[in-house]
Structures are given as structure tokens and as C-alpha cells.
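Engineer: heads up, no residue letters with this:
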């Protein structure tokens, strides 16, 4: 019995010794001496500076090469805090170079890195290496127009490229996307998000939920179904993007019941307009590169706002100051506002504007220049004694500080009416000035 106990004790001590040796191997094998040679060879291969802080050989949990502090490019366009390369030892012994996994943690990619990747040599040289899986964790992508949270990428590869499965998720779990290959050569893309903010600096909209499904194939991504909930309303739409010699995007969206106050706040705009927005949006763009699509955007959106108000001026007092600019302050409340928004690049025009309330009707159009300057004309009819009085109003100023004043014809009409018949003549003159310029009807 004592002999058996000693046998098990020696076996346990032997196992502990082997474990200690395995843990000590990374510190016993001097790989740091290979760093200058390896960095130089990789740099010569890709034509860009490469630096490595440390190299280590680790046996646990499986044999792998650990790379610490990898930087690529003259301005560190790509950096990795820690990476590892895990070979398939059995296949390696048979002469095949197969990497079971390439993993990188703490990845930082600058937008300029993609220009660097385009300059890298394509194919040729070296032996054939098969990579079965690539894992990127805690990835930070730096691009001025995008505000991406840290995310993770897992790519499952095989000998057949079309069988590549890609999974992307944010660190907080708010966004998930999966790209699954199909037998016909296409890949099915599914997107799911909860409490997720659109990572576009100019429009960081917050989605309560978002579900999208589409197909990726041969330079084309077609999202045939998009459903979302945001700001108390809904979004249903589709988008078709193609690239090659040129980039093209075309799509549509139906918006229903979006609360405008939080929506404007999300866009960094003063909340001048309240109410619930509904719209039918169609858009398209054609450009030589993806970065130029925004400047080439063509968008049309008939819209309606229900039960809202416009902060900054009270149009119901438009007939009280016939010879000057309307004093700022106050609120124009309405039961319904509708129009047709047309966007061409950075130029915006709102046509067929129609605002209705029990005491007010306004119609016209407004233009917004790229510098946010306003111009346009509104025909405003307000309830006065004996009926409605029409007042032609010129729109000017900026989106942040709009200004409303009588048009020239309105001023002339008001002056003539005041001289001929003070009081009621002023109102008649305003209506005459509006008729002289051509009234815009509110349908």
C-alpha cells in the first residue's frame, strides 16, 4: 500500500514538473533576438515599416506564437496590442502549413490603413498557407465621419472562399451581424440591434430596435427588408448598394409617428419643431467612390407633421406688423403641417408647404442653402374680423435664426391700404399684395 501511495505521489510530482516546464518554456526560449530580422523581412515584403515589441512561444492552452505590440505603417495605421498564431501541429508534421487560428486583441485601425492595404503586394511568393479562423477583439476604427464603438469580428474560413462565415458584434452587445454563405454563391446578411446608435457623425440616430436582412454578391449589397423603431415611431424600408467602377445606392423608407423634439436633439439641432413626423422617402446617389455618395445624394420625401408647433415666431400675429419684420418669440401651433422635401447634394428645398390650424393657414416654399441660409416665401392667411386676411411673408436668416418679414409687394399693398382707408384698408392692402405676387394654395 505504501509503495502504491509513493507511486501516485511520484506521478503527481512528475505531472507538476511537466506543467511547470511548460509554463517556463516561453521564458526559456529566447525569441526576442529574432524580432529585428522578422520585422525587416515583413517590412521588405509589404513595403511599409513594421515594429514588434516582443515575441513569445507559449505551450498553453495550446502551442502558439504570441506577438506583443505590433505596429504597421509610417503613422501606425494598424496596431495590435496582443496577437497569437496557433498552428495545427499534426498537419505541420506532415508538411502542410495550416493555421488553426489567428487572433488579435486591442486592434486599432485608422481609415488611412485601407489605402495602405491597397498598396500591399497581391499573391505570389512564399508557400501556401491555410488559415481556418481569424478573430479580432476590441477593434477600434478611426474615421472622422464615423463613430463606431469597439467591436469584435470572427471569420470562419475554409478551402472554399464562398464558405466564409463572418460574425460582427459590438463590445456592449447592442449590435450583431452575421454573413452566411449560400450554395448559389451569394451570402445572406442578417443584422440585429437593440438600443443602438447609428455610427454616422452627421446623424447619430438612436434605434430602440433594428432588424435587417439582405444579400451580398459580386459587388452588390441588397437590403431588401429593414424594420426599425426609433423616437416613438417606426421605419420600414430597403436599400440596394452596388460598387465597381462607380458606386450607386438606391432605396426607400416609410417613416411613421417619429417624435420630432428628441429627433432634432439627436441631430444637434435646436428643437424648433414639435409633433409627430410621417414621410415617404426615396433616395439615390451615383459617385466614383463611396466617400462622394453624400454629395451626390438625391432625396425626395413628401411628409406630414401632426399636432405640433413651431417655436420662434407666432404667425397668427403676422398682420399686426405690416411694415416690418415679425418680432421673434412665440409659438405657431398647428394641427397639420405637410410638404415635399427635396434634397440635391447639400441643397434642400421644401416645396408645397401647407400649415393649418383653426386660426391660420400658410402655404409656400422654403430653400436651405449649404451654409444653412434660408430663403423663400409663405402666403399666410390669419383669422381677422370679417374673415381671413392674406399676408405675403418673405423667409430669410438661417435655420438657427430664421427671420420673417413682409415681401415688397406686401409692404406696398399695406402702405396703399393704410393711406386710402386706415385700419381695414391695411388688411385689404395686405391681401392685395399677396394676390399681386401670386398666392400659393394650401391643399
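Structural biologist: Perfect, thanks for sending it. The model shown is predicted, which means the values in this text are computed figures rather than measured ones.

Engineer: what strand or helix carries residue 152?
Structural biologist: Per DSSP states H and E: residue 152 is located in strand 151-156.

Engineer: return the helix or strand in this protein with minimum mean pLDDT.
Structural biologist: The helix or strand of the chain with the poorest confidence is helix 408-420; it has a mean of 37 (mean pLDDT, DSSP states H and E).

Engineer: the stretch 1-150 of the chain: strands as residue ranges?
Structural biologist: 50-58, 64-72, 78-87, 98-110, 130-131, 133-142 (DSSP state E, counting those that start in this stretch).

Engineer: and for the stretch 201-350 of the chain?
Structural biologist: With DSSP E, counting those that start in this stretch as the criterion, the stretch 201-350 of the chain has strands at 206-217, 220-230, 233-242, 247-259, 276-287, 298-311, 331-344, 347-357.

Engineer: just put these in TSV and tack on mean neighbour count and distance to residue 104.
Structural biologist: Heads up, the C-betas are built off the backbone N, CA and C, glycines and all. Converted to TSV, the strands of the stretch 201-350 of the chain look like this (neighbours: other C-beta atoms under 10 Å; distance: least, C-beta to C-beta, whole Å):
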stretch	mean neighbour count	distance to residue 104
strand 206-217	17	24
strand 220-230	16	26
strand 233-242	17	28
strand 247-259	17	29
strand 276-287	17	33
strand 298-311	17	39
strand 331-344	18	41
strand 347-357	18	43
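
Engineer: dump those strands into JSON lines; add mean pLDDT and distance to residue 137 as well.
Structural biologist: Shown next, in JSON lines, are those (pLDDT from 0 to 100; distance: least, C-beta to C-beta, whole Å):
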{"stretch": "strand 206-217", "mean pLDDT": "94", "distance to residue 137": "23"}
{"stretch": "strand 220-230", "mean pLDDT": "94", "distance to residue 137": "25"}
{"stretch": "strand 233-242", "mean pLDDT": "96", "distance to residue 137": "28"}
{"stretch": "strand 247-259", "mean pLDDT": "95", "distance to residue 137": "31"}
{"stretch": "strand 276-287", "mean pLDDT": "95", "distance to residue 137": "34"}
{"stretch": "strand 298-311", "mean pLDDT": "92", "distance to residue 137": "38"}
{"stretch": "strand 331-344", "mean pLDDT": "91", "distance to residue 137": "39"}
{"stretch": "strand 347-357", "mean pLDDT": "89", "distance to residue 137": "42"}
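
Engineer: mind checking these for the one nearest to residue 179?
Structural biologist: Of all those, it is strand 206-217 that lies closest to residue 179, at 6.5 Å by C-beta to C-beta.

Engineer: got the contact list for the helix or strand following the strand holding residue 152?
Structural biologist: Once the chain leaves strand 151-156, the next helix or strand it forms, by DSSP H and E, is strand 165-170. Contact with strand 165-170 is made by 149-156, 175-181, 196, as judged by C-beta atoms under 8 Å, 6 or more residues apart in numbering.

Engineer: for stretch 347-356, same thing?
Structural biologist: For stretch 347-356, using C-beta under 8 Å, 6+ apart, the contacting residues are 310, 315, 332, 334-343, 361-370, 376, 378, 442-443.

Engineer: check stretch 172-179 too.
Structural biologist: 149, 151, 164-170, 187-196, 216.

Engineer: among those residues, which ones are buried?
Structural biologist: Neighbour-count burial (16 or more other C-beta atoms under 10 Å) applied to the contacts of stretch 172-179 gives 151, 166, 168-170, 187, 189, 191-193, 196, 216.

Engineer: what packs against the strand holding residue 152?
Structural biologist: Judged by 3 or more C-beta pairs under 8 Å, 6 or more residues apart in numbering; DSSP states H and E, strand 151-156 is in contact with strand 133-142, strand 165-170.
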